[in-house]
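Trainee: Sequence and predicted structure are below.
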Amino acid sequence: MKHIASLSFLIFMSCQSPPISIHQTQSLMYQNRETPPNEIQSVQTGLDVLLDSLSEELKGKSIALVTNHTGI
């Protein structure tokens, strides 16, 4: 019985379709338009957001940054 349940679950999971990627979604969204928008987007790091919102509370304190080697 355990094998039947496992096999049924495996078959069920293999029949699902993969999720649509963001690139496919964007191509569908801009399919009927002449050109996609190209306005400049502003991106801030988490540290920038933290310093903008809590700069007074952090004044005079030490902050540790923990990251992996790909973040340097």
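Mentor: In hand now; what should we look at?
Trainee: And stretch 60-68, end to end?
Mentor: From its first residue to its last, stretch 60-68 covers 26 Å (CA to CA, to the nearest Å).
Trainee: buried sites along stretch 22-30?
Mentor: Within stretch 22-30, no residue qualifies as buried by neighbour count (16 or more other CB atoms under 10 Å). Quick note: C-beta positions are derived from backbone N, CA and C, even for glycine.
Trainee: chain center to it: distance?
Mentor: With CA atoms, centre = their mean, to the nearest Å as the basis, stretch 22-30 stands 16 Å off its chain's centre.
Trainee: which residues does the residue nearest the centre of the chain contact?
Mentor: Centroid check for the chain by CA atoms, centre = their mean gives I22 as the closest residue, at 10.2 Å. Counting by CB atoms under 8 Å, 6 or more residues apart in numbering, I22 touches no other residue.
Trainee: isn't L51 right next to E57, touching?
Mentor: No - using CB atoms under 8 Å, L51 makes no contact with E57, being 10.5 Å away.
Trainee: Compare these two and say which is more crowded by neighbours.
Mentor: The residue with more neighbours, out of L51 and E57, is L51; 13 against 9, by other CB atoms under 10 Å.
Trainee: List the contacts of that one.
Mentor: L51 sits next to L58 when contact means CB under 8 Å, 6+ apart.
Trainee: That one sits in which helix or strand?
Mentor: Assigned by DSSP states H and E, L51 falls within helix 46-58.
Trainee: cool, and F12?
Mentor: helix 2-14.
Trainee: picking that back up, what's the average pLDDT for the helix holding L51?
Mentor: In this model, helix 46-58 has an average pLDDT of 85.
Trainee: Equivalent analysis for stretch 11-31, please.
Mentor: 78.
Trainee: Compute the first-to-last residue distance for that stretch.
Mentor: Using CA to CA, first and last residues of stretch 11-31 are 35 Å apart.
Trainee: and I11, how far is that from A5?
Mentor: According to CB to CB, to the nearest Å, I11 stands 11 Å off from A5.
Trainee: same thing with Q41?
Mentor: For Q41, the distance to A5 - CB to CB - is 48 Å.
Trainee: Mind checking which of the two has more residues around it?
Mentor: Neighbours were counted for Q41 and for A5 using other CB under 10 Å; A5 has more, 9 against 6.
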